[in-house]
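Peer 1: Predicted model and sequence below, questions to follow.
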Amino acid sequence: MSASRLAIKIDVDTDRGTREGVPALRDLLARKGIPATFLFSLGPDNTGRAIRRIFRPGFFSKVSRTSVVSTYGLRTLMNGVVLPGPMIAKKNAAILRSVVDAGFETGIHCWDHVFWQDKLFSLSETRVAEEFGKAGRAYEEVFGQAAKTAGSAGWQANAASLAAYDAANLDYATDVRGGAPFIPVADGRRFRTLQIPTTLPTLDELMGRPEYPAERLADALLDHLAGGLDVFTIHAEIEGMSMAQWFSAFLDRARDRGVSFVSLADEAAKLNTDRASIPVATLEQGEIDGRSGTLAVQGARIEGLAA
């Protein structure tokens, strides 16, 4: 097996995660000299509206394992239902900019996390473009330049969202679960924007399960490394808050096992210099062990097509 290169992708879902988890992760990763990509939710924090997911298979088992109230806080769980959803980017612009000042890559997670995760497949392509456009404009207001990467809320992606990415001229995206970078085909359409999938399980997909005791979580995740490029998605609300000590130890354990930490931006730049070598594959909808509902997954390679 070739040497493992691990990229860290950080999904920031909530106002509280932005205020508390992002600075903690920024400082931890800076101290350790580890690159990472922070993907921000930029519009309203309507986390409370996620209650609609109670009807999804697997929702209750995940909630019971991950202790949603202690992870997100009661205040966050009331946002968008009992309380108005705070505007994340507007309220926390200085924190967002501090991430760039510390040398990290940033990008778009979404405008409204719950809306995108729950409603994407009911929206027209025009409406999806409008929703992503709101996130793009908010990003530019904070950072003074257009975003060059995005990773969708809840790994929800389809032809409409891929079209919005192409129109935004992103360098790459990281929307799916899969095994290796690819150029996506969805609904019979081939898109331009490179996809770099999340390859490892997320911490919340494993924690609380008897087959993954707490003392084995780090090694259980690292055992999924396939060699070459792997991507680990973490959350500001989990690894940046309640599981911050665990995450620091995980990074040390990974280095002890010979893992090199790399930047998604650097990996994408190398891939995009030789696009003819990037495989083309379908983007499909599937299930992931430990996560409720369906999400975007890397499908079969399409032979004879080059990027």
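Peer 2: Right, received. Where do you want to start? Residues are numbered from 1 along each chain as shown.
Peer 1: Could I get the buried residue list for stretch 208-221?
Peer 2: The neighbour-count check on stretch 208-221 (16 or more other CB atoms under 10 Å) flags 208, 212, 217-218, 220-221 as buried. For the C-beta atoms, the positions are set from N, CA and C on the backbone; glycine is no exception.
Peer 1: ok, how many other residues are close to residue 145?
Peer 2: Counted with other CB atoms under 10 Å, the neighbours of residue 145 add up to 9.
Peer 1: That one: what secondary structure?
Peer 2: Secondary structure, DSSP: H, G, I helix; E, B strand; the rest coil: residue 145 is coil.
Peer 1: residues contacting it?
Peer 2: Residues counted as contacts of residue 145 (CB atoms under 8 Å, 6 or more residues apart in numbering): none.
Peer 1: which stretches of the stretch 151-300 of the chain form strands?
Peer 2: 172-173, 183-186, 189-190, 194-195, 228-235, 260-262, 280-286, 295-301 (DSSP state E, counting those that start in this stretch).
Peer 1: Take the ones you listed and lay them out in JSON lines including mean pLDDT and distance to residue 90.
Peer 2: Listed next are the strands of the stretch 151-300 of the chain as JSON lines, based on pLDDT from 0 to 100; distance: least, CB to CB, whole Å:
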{"stretch": "strand 172-173", "mean pLDDT": "99", "distance to residue 90": "24"}
{"stretch": "strand 183-186", "mean pLDDT": "98", "distance to residue 90": "32"}
{"stretch": "strand 189-190", "mean pLDDT": "98", "distance to residue 90": "35"}
{"stretch": "strand 194-195", "mean pLDDT": "99", "distance to residue 90": "30"}
{"stretch": "strand 228-235", "mean pLDDT": "98", "distance to residue 90": "22"}
{"stretch": "strand 260-262", "mean pLDDT": "99", "distance to residue 90": "32"}
{"stretch": "strand 280-286", "mean pLDDT": "98", "distance to residue 90": "32"}
{"stretch": "strand 295-301", "mean pLDDT": "98", "distance to residue 90": "29"}
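Peer 1: Which pLDDT value goes with the closest residue to residue 174 other than its chain neighbours?
Peer 2: Nearest non-adjacent residue to residue 174, counting by CB to CB, 6 or more residues apart in numbering: residue 151, 4.1 Å away. Looking at residue 151, its pLDDT is 99.
Peer 1: Isn't residue 151 up against residue 40?
Peer 2: No: Residue 151 lies out of contact with residue 40 (CB atoms under 8 Å); the separation is 10.2 Å.
Peer 1: Between those two, which contacts overlap?
Peer 2: In contact with both residue 151 and residue 40: 107-109, using CB under 8 Å, 6+ apart.
Peer 1: Tell me both backbone torsions, phi and psi, for the residue nearest to residue 174.
Peer 2: As for residue 151, its main-chain torsions (degrees, to the nearest 10) stand at phi -140, psi 120.
Peer 1: Can you name the residues that contact it?
Peer 2: Residue 151 makes contact with 9, 11, 37, 39, 107-109, 173-175, 233 under the criterion CB under 8 Å, 6+ apart.
Peer 1: With mean neighbour count and distance to residue 128 added, can I get the strands of the stretch 151-300 of the chain in JSON lines?
Peer 2: Shown next, in JSON lines, are the strands of the stretch 151-300 of the chain (neighbours: other CB atoms under 10 Å; distance: least, CB to CB, whole Å):
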{"stretch": "strand 172-173", "mean neighbour count": "25", "distance to residue 128": "14"}
{"stretch": "strand 183-186", "mean neighbour count": "22", "distance to residue 128": "12"}
{"stretch": "strand 189-190", "mean neighbour count": "12", "distance to residue 128": "14"}
{"stretch": "strand 194-195", "mean neighbour count": "24", "distance to residue 128": "17"}
{"stretch": "strand 228-235", "mean neighbour count": "22", "distance to residue 128": "22"}
{"stretch": "strand 260-262", "mean neighbour count": "16", "distance to residue 128": "31"}
{"stretch": "strand 280-286", "mean neighbour count": "18", "distance to residue 128": "14"}
{"stretch": "strand 295-301", "mean neighbour count": "18", "distance to residue 128": "14"}
